[in-house]
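Colleague: using only what follows, build the 3D model:
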Amino acid sequence: MAMTSVEVPRPLPWLMPRWRELVRLADDGRLPHALLISGGHGIGKHSLAEALVARTLCASPGEFACGDCHACHMLASGYHPDLLRVAPEEGKRLIRIGPVREVNAFVAQTAQQGGYRVITIAPAEAMNVAASNALLKSLEEPGGRTLFVLLSDIPSRLLPTIRSRCQHWSLPVPAEADCRPWLIEQLGGEEEARFWFRAAGGLPLRALELAEPSARALRQQLAETFEALMRGSEPVAEAARLDRQSIDAILWYGIIWLEDLIRLGLSGDTAELRNPDLLVLYRQAVKNARVRDWFRLLDYAREQRRLLAEGGNPNPQLTLEAWLVRWSTLLRS
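Modeller: Residues are numbered from 1 along each chain as shown. Got it, this is the predicted structure:
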């Protein structure tokens, strides 16, 4: 009795041109042994990677994995013996050396299904220095029919020695027209799709995240905090009202709003603002501080977010308070 077909991963619509390039390389036998796929969080790079993993392991691939073979069924079930996924342990931010040692043992084995061995590492920049150095040997001498797929939001945080051993595929922010039909379907209307695409800086999956009820509520709360600080509210008291577990999202919003403020302060042009609904607050803030001060605050926010991502700042409440104190100082100056 024939097995029923399983659904196979496919790239999101705006990534199809890059997908066709990958398929052409694979069919010509020119697929590199290590790919670094990078792009902003929310661009959809996981969909491209998963489609490539499935097609590479498939016994009878066409444009995509076939969905009928034993390999496709194993992958759909959540386990394939020739696929190894490396990611931070649950609740951790970093990839340490242990899982990478498993990679080295994995690539030394023969593929059980007689095809490729595939290793995915995501996010690749989460590897600490020891893990990165341990991976180098496998990247240099992977053996035949081995594919590494590294995914990264911020590839500059990878060791140069890792980057140099991969073919780097950087995914640019897509045109709105390429995403609009998909976003309208996901968000239920053109106005919603347009607003959240703009707020997300052109990252479609980020747009979906921002449109979720909890994210909308946080955004509204932060806008109210912004306004309260401008009126002279005490920043430490405002910090106490915010959920410190949301510090990464809070800093992300702060960075995006600062970039808007700087655009407005430098050019006065409102057409490029990502959050035009905050224009009244922006105009007041621009009056109260110099553009160079907003640049300094932007650098501070980016650095704090980097430290959080690397596990270098263990006290989110203090980070939150320090962040709002700095905002408040500029909003009142």
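Colleague: point to the residue nearest the middle of the protein.
Modeller: The chain has residue 41 as the residue nearest its centroid, 2.2 Å off, counting by Cα atoms, centre = their mean.
Colleague: need the nearest residue in space to that residue, chain neighbours excluded.
Modeller: Once flanking residues are discounted, residue 41 sits nearest to residue 153: 4.8 Å by Cβ to Cβ, 6 or more residues apart in numbering. Using the backbone N, CA and C atoms, a C-beta is placed for each residue, glycine as well.
Colleague: was I right to think that neighbour contacts residue 37?
Modeller: No: distance between residue 153 and residue 37: 10.6 Å, which falls outside the contact criterion (Cβ atoms under 8 Å).
Colleague: which parts of the stretch 51-200 of the chain are strands?
Modeller: For the stretch 51-200 of the chain, the strands defined by DSSP state E, counting those that start in this stretch cover 83-86, 117-121, 146-152, 167-170.
Colleague: just the CA atoms of the first one, as CSV, please.
Modeller: Output in CSV follows, covering the C-alpha atoms of strand 83-86 (Å, rounded to 0.1, in the frame of the first residue of the first chain):
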residue,chain,number,x,y,z
LEU,A,83,20.0,15.6,9.8
LEU,A,84,21.5,17.2,12.8
ARG,A,85,20.1,20.5,14.1
VAL,A,86,22.2,22.7,16.4
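Colleague: tell me how far that strand is from the chain's mean position?
Modeller: 19 Å (Cα atoms, centre = their mean, to the nearest Å).
Colleague: which neighbours does it have in its sheet, and in what orientation?
Modeller: Strand 83-86 has these partner strands in its sheet, going by DSSP bridges: strand 117-121 (parallel).
Colleague: pLDDT score assigned to residue 314?
Modeller: pLDDT for residue 314: 66.
Colleague: wait, what's in contact with the residue nearest to the centre of the chain?
Modeller: 153, 203, 205, 206 (Cβ atoms under 8 Å, 6 or more residues apart in numbering).
Colleague: what's the farthest-apart pair in those residues?
Modeller: The span of the contacts of residue 41, defined through Cβ to Cβ, is set by 153 and 205 at 11.8 Å.
Colleague: residues near residue 78, how many?
Modeller: 6 (other Cβ atoms under 10 Å).
Colleague: then residue 245?
Modeller: 10.
Colleague: hmm, it is touching residue 320, no?
Modeller: No: if you go by Cβ under 8 Å, residue 245 and residue 320 don't touch, sitting 10.1 Å apart.
Colleague: can you count the residues close to the residue lying closest to residue 162 once chain neighbours are set aside?
Modeller: Excluding the flanking residues, the one nearest residue 162 by Cβ to Cβ, 6+ apart is residue 132, at 5.5 Å. Residues near residue 132, counting by other Cβ under 10 Å, number 19.
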